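1. Dropping a prediction and its sequence here:
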Amino acid sequence: GDSVTQMEGPVTLSEEAFLTINCTYTATGYPSLFWYVQYPGEGLQLLLKATKADDKGSNKGFEATYRKETTSFHLEKGSVQVSDSAVYFCALTFTGGFKTIFGAGTRLFVKA
Amino acid sequence: KAGVTQTPRYLIKTRGQQVTLSCSPISGHRSVSWYQQTPGQGLQFLFEYFSETQRNKGNFPGRFSGRQFSNSRSEMNVSTLELGDSALYLCASSLREGGGVDEQFFGPGTRLTVL
């Protein structure tokens, strides 16, 4: 079945460090891919998305490229801030579909 | 534009009781999805409603049910509560127009504790 696998956390970085959170997926077809972020005590909010192969989603300094050949959608940021501390979820859904599949989430801690 | 609202925010029940959670989507959104979030299982899809019809369902027992009203508001019901039902229940709304892929907007969740 369709699934999303994320790297296990927590990930602990110092401020201004480079961030990579790995995400790979298994899907029968060509899904759209998303990264959501959940700050403490809040619901999830969309961070970025890509709807087809080679698309790059970007927002707030975060980027991810839809790689069909490696079935991956890794999240990157060049210089993290303390305010980026949160849980990050990779997800997929299909056009016209009514179900979004989420990864397990990766908790990020950024130290000052 | 107001966001997704969920009520109540916190709930404490005992085993065997039932509970109803409510979700009001963003105005104009016709799709409402429900998720269960726990430390052990992560974020799991419960079901999605669109135009008052359940369009997809996750792998949860029949004790978990839902419905959607004509104004797109949705309720989720859990009967015969078990300790393992303690979780954060998240609701998300989206447009779902034209069968396209839409961003989901999440509410803050209802924290259910079963004693």
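-> Arrived safely, thanks for sending.
2. and B:Val78, how many neighbours does it have?
-> 25 (other CB atoms under 10 Å in any protein chain shown). For every residue, glycine as well, the C-beta is placed using N, CA and C.
3. nope, B:Phe60 is what I was after
-> By the criterion of other CB under 10 Å, B:Phe60 has 16 neighbours.
4. all strands for chain A, in order.
-> With strands called from DSSP state E, chain A shows them at A:3-6, A:11-14, A:19-21, A:23-26, A:32-38, A:44-50, A:56-59, A:62-65, A:75-77, A:86-93, A:101-102, A:106-111.
5. And for chain B?
-> Here chain B has its strands, by DSSP E, at B:5-7, B:10-13, B:19-24, B:31-38, B:42-50, B:53-57, B:64-68, B:74-78, B:87-94, B:105-106, B:110-114.
6. Next, format the ones you listed as TSV and append mean pLDDT and distance to chain A.
-> Formatted as TSV, the strands of chain B follow (pLDDT from 0 to 100; distance: least, CB to the nearest CB, whole Å):
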stretch	mean pLDDT	distance to chain A
strand B:5-7	97	8
strand B:10-13	96	12
strand B:19-24	98	11
strand B:31-38	93	7
strand B:42-50	90	4
strand B:53-57	89	4
strand B:64-68	97	12
strand B:74-78	98	13
strand B:87-94	93	6
strand B:105-106	90	3
strand B:110-114	97	10
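7. And the strands of chain A, which one averages the lowest pLDDT?
-> With a mean of 89, strand A:101-102 has the lowest mean pLDDT of the strands of chain A.
8. Now for B:Leu43: which residues touch it?
-> Taking CB atoms under 8 Å, 6 or more residues apart in numbering or on different chains, we find B:Leu43 in contact with A:44, A:89, A:102, A:104-105, B:35-37, B:90.
9. Over to A:Leu19?
-> Taking CB under 8 Å, 6+ apart, we find A:Leu19 in contact with A:11, A:13, A:75-77, A:80, A:84, A:108.
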